[in-house]
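> I would like to see how this sequence folds:
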Amino acid sequence: MKFDRIGRQSPVMCARLCFCVFSAILLMAAAGLTTVSFGTGAAFSDVHAWQWHAGAVERARTEGILEGYPDGTFRPDRIVTCGEFLRMAIPEAPKTSAAHWAERYYREGLRRELFTGRDIGETSLDRPIARQHMALVYSRLLEETDPGLTGVQIARTEEGTVPSAQFPDVPAESAYEYPIAIVAAAGLLEGYPDGTFRPEGYLTRAEAATAFVRLLACLSDAAP
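Here you go, the predicted structure:
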């Protein structure tokens with residue numbers, strides 16, 4: 001199969017994307033909770049039920065996607081780092097003897113070909129992750145196919161192809177145009193009011209949690 005850019009198939013190829021059943025990652029969602037918890041019986045001290053992100057943070061926590069800090073905080077306004085994002089994307093990974101806590105998730109992501117070392121370097125685990133790299137990981141998660149799931153076509157066109165990303169700051173020749181087009185079509189990452197995507201911009205931990213909850217919603221919609 002020929003790809004013109006990262007993941008972008010040549011126009012004659014059909015782009016039907018299937019969701020992976022994150023069986024080792026995602027559990028059944030806990031519904032109707034109004035208290036955001038940390039661990040067992042304690043609450044994130046800096047996340048409150050009235051905040052816009054409270055529901056998404058709780059859903060992501062109960063699914064095992066994210067954790068708080070040892071002091072009981074979640075720090076929702078903190079920019080998410082590469083290591084933190086990979087922990088959200090790959091909650092289950094073989095343990096390693098590496099010094100960095102996120103090394104295991106990085107290695108597992110490489111193994112699953114969710115990204116390459118050129119996209120996310122091993123030395124960048126404590127640095128903010130760009131939206132274009134988040135889009136790449138999301139799109140690869142969407143492309144992981146499980147035989148037990150009915151295929152979900154993210155973008156429906158007469159040709160069966162994924163439409164180009166409709167953002168002025170994401171040119172067609174961009175290496176990440178296709179992943180951005182995928183996540184935009186799936187509603188995982190949205191553009192900004194000015195119409196831009198800001199591929200080199202960052203997300204907060206609360207925003208990243210919300211995007212993962214949207215991924216869970218897509219998976220739920222796909223279930224028979």
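
> Return the helix or strand in the protein with minimum mean pLDDT.
The least trusted helix or strand in the chain, going by mean pLDDT, DSSP states H and E, turns out to be strand 37-38, with a mean of 33.

> Look through the protein and tell me its longest helix.
As assigned by DSSP state H, the longest helix anywhere in the chain is helix 205-222.

> could you say what helices and strands that one packs with?
helix 54-62, helix 82-89, helix 131-143, helix 177-186 (3 or more C-beta pairs under 8 Å, 6 or more residues apart in numbering; DSSP states H and E). For every residue, glycine as well, the C-beta is placed using N, CA and C.

> Of all residues in the protein, which one is nearest the centre?
For the chain, residue 138 is the residue whose C-alpha lies nearest the centre (C-alpha atoms, centre = their mean; 4.2 Å).

> Now do the closest residue to that one other than its chain neighbours: how many residues are near it, please.
Excluding the flanking residues, the one nearest residue 138 by C-beta to C-beta, 6 or more residues apart in numbering is residue 183, at 4.8 Å. Other residues lying near residue 183 total 27 when counted by other C-beta atoms under 10 Å.

> tell me the pLDDT at residue 71?
pLDDT, residue 71: 89.

> That one in helix, strand or coil?
With DSSP: H, G, I helix; E, B strand; the rest coil as the basis, residue 71 sits in coil.

> Can you report how many residues lie near it?
Should you count by other C-beta under 10 Å, residue 71 turns out to have 9 residues around it.

> Against residue 77, how distant is it?
From residue 71 across to residue 77, the span is 15 Å (C-beta to C-beta, to the nearest Å).

> Equivalent analysis for residue 132, please.
22 Å.

> now residue 216
For residue 216, the distance to residue 77 - C-beta to C-beta - is 22 Å.

> related to what we said a few turns ago, any idea how far the longest helix of the chain is from the chain center?
Mean-position distance between helix 205-222 and its chain equals 8 Å (C-alpha atoms, centre = their mean, to the nearest Å).

> ok so, going back, what sits against the residue nearest to residue 138?
For residue 183, the contact set (C-beta atoms under 8 Å, 6 or more residues apart in numbering) comprises 134, 135, 138, 139, 142, 189.

> how about these in JSON lines, adding pLDDT and distance to residue 177?
Shown next, in JSON lines, are these (pLDDT from 0 to 100; distance: C-beta to C-beta, whole Å):
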{"residue": "134", "pLDDT": "95", "distance to residue 177": "15"}
{"residue": "135", "pLDDT": "94", "distance to residue 177": "10"}
{"residue": "138", "pLDDT": "88", "distance to residue 177": "14"}
{"residue": "139", "pLDDT": "85", "distance to residue 177": "11"}
{"residue": "142", "pLDDT": "80", "distance to residue 177": "16"}
{"residue": "189", "pLDDT": "89", "distance to residue 177": "13"}
